[in-house]
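**Q** What would the 3D arrangement of this be:
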Amino acid sequence: MHPDIGGYGPADLEVVAAFDIDARKVGRPVSEAIFAPPNCCYRIIDEVPEIPVPVQMAPVLDGVSPHMAHYPPEQTFVVAQAPPVDVAQVLKNTGAEVLLNYMPVGSEEAARYYAQCCLEAGVSFINCMPTFIVSDPGWAARFTAAGIPVVGDDVKSQLGATILHRTLVQLFRKRGLTVDRSYQLNVGGNTDFLNMLNRDRLATKKRSKTEAVSSLLPPDFEPNNLHVGPSDYVPWQKDNKVAFLRIEARGFGGFPMHLEMRLSVEDSPNSGGCMIDAVRCAKLARDRGIAGPLTSISAYTMKHPPEPMPDDEAARRVEEFIQGRRER
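**A** From the prediction side, this is the model:
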């Protein structure tokens with residue numbers, strides 16, 4: 001979303017390590033593995049330059065929900081029969097500076113494993129999933145003490161359902177309307193949505209998405225009048241996500257106003273621009289000797305940042321951070 005961040009462009013990012021658990025990816029170079037099943041994302045280009053970095057076998061931990069075993073391999077995982085590597089050692093050996101965590105929702109143990117590996121290796125952790133690490137004071141203190149800048153939690157798309165929902169709620173309130181009830185329902189066909197059919201893994205995801213909207217509503221807003229969360233898995237939608245929004249509000253004299261909206265967007269590339277910015281902000285913070293949670297870029301690109309703020313304020317503070325006028 002920013003062509004230049006502190007002198008770094010998107011082309012300055014270099015993949016030095018990659019981890020997965022799927023037999024169709026492990027052992028293959030990144031440039032081949034990214035197109036292997038179950039990936040079903042929109043292709044920006046047909047071919048990518050060769051990236052000879054091999055995908056290495058990671059510990060499975062709680063990264064695979066048991067219900068995934070009941071679906072065809074092309075929709076889910078084929079777990080590789082290979083011993084897992086020591087992720088922290090690989091990060092040290094490869095000179096990695098930033099790690100992106102895109103573990104499936106509900107992989108609490110696995111997410112914390114990668115965060116711990118980053119602490120051991122001195123690597124910045126960008127937490128793209130809703131396990132609360134960067135926004136957790138305990139973890140934040142550990143990264144601060146280690147001198148490592150981090151970004152999180154739970155990636156917010158460039159223009160997805162959450163940012164749209166937040167913007168509409170802000171607009172209603174700025175125009176003096178009282179929001180009474182609202183919902184956001186999402187359906188999609190990638191493995192992220194398939195994973196989330198297991199409702200036991202959704203506690204932090206639902207909380208993250210809900211608090212992203214509720215943080216903009218009055219403190220006394222009735223929690224039961226706001227519903228935000230993934231709803232169902234439709235295989236033929238593949239990486240396309242469809243979101244349905246409804247806001248019920250009252251204006252002058254109590255007149256009723258209802259808004260309904262449908263958003264259709266490719267899910268994976270919708271977070272790509274955010275992550276390219278987050279990586280470069282983390283690198284810029286490393287260059288400047290800044291440690292701990294980066295509050296501005298976290299609020300700009302994440303649903304559950306350590307310091308929630310309105311999106312226009314987050315955007316302004318990111319610009320100030322890039323220009324060196326703010327530490328965060």
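
**Q** alpha carbons only for contacts and neighbour counts from here, please
**A** OK.

**Q** Would you quantify the distance from the one residue sitting closest to the centre of the chain to Ser268?
**A** Closest residue to the average C-alpha location of the chain: Val155 at 2.2 Å, with C-alpha atoms, centre = their mean. Val155 is 11 Å from Ser268, where distance means C-alpha to C-alpha, to the nearest Å.

**Q** now do Ala110
**A** According to C-alpha to C-alpha, Ala110 and Ser268 sit 21 Å apart.

**Q** next one: Ile45
**A** The separation that Ile45 has from Ser268, given C-alpha to C-alpha, amounts to 14 Å.

**Q** Repeat that for Gln89.
**A** Taken as C-alpha to C-alpha, the span from Gln89 to Ser268 is 29 Å.

**Q** more crowded one of those two?
**A** Ser268 (17 against 14; other C-alpha atoms under 10 Å).

**Q** Pull the contacting residues for that one.
**A** By C-alpha atoms under 8 Å, 6 or more residues apart in numbering, Ser268 lies in contact with Cys41, Tyr42, Asp239.

**Q** Tell me the predicted confidence for the second one.
**A** What it means is Tyr42. pLDDT, Tyr42: 87.

**Q** Not counting stretch 244-257 itself, show me its contacts.
**A** Residues contacting stretch 244-257 (C-alpha under 8 Å, 6+ apart): 161, 165, 172, 176-186, 258-263.

**Q** quick one on the thing from earlier: could the contacts of Ser268 be laid out in CSV, adding secondary structure and neighbour count?
**A** Listed next are these as CSV, based on DSSP: H, G, I helix; E, B strand; the rest coil; neighbours: other C-alpha atoms under 10 Å:
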residue, secondary structure, neighbour count
Cys41, coil, 16
Tyr42, coil, 14
Asp239, coil, 22
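
**Q** got a list of what Lys303 touches?
**A** Here Lys303 is in contact with Asp153, Asp154, Val155, Lys156, Thr162, Ser208, Lys209, Glu211, Ala212 (C-alpha under 8 Å, 6+ apart).

**Q** and stretch 113-125, which residues are buried?
**A** Tyr113, Tyr114, Ala115, Gln116, Cys117, Cys118, Leu119, Ala121, Gly122, Val123, Ser124, Phe125 (16 or more other C-alpha atoms under 10 Å).

**Q** Perfect, I'm done here.
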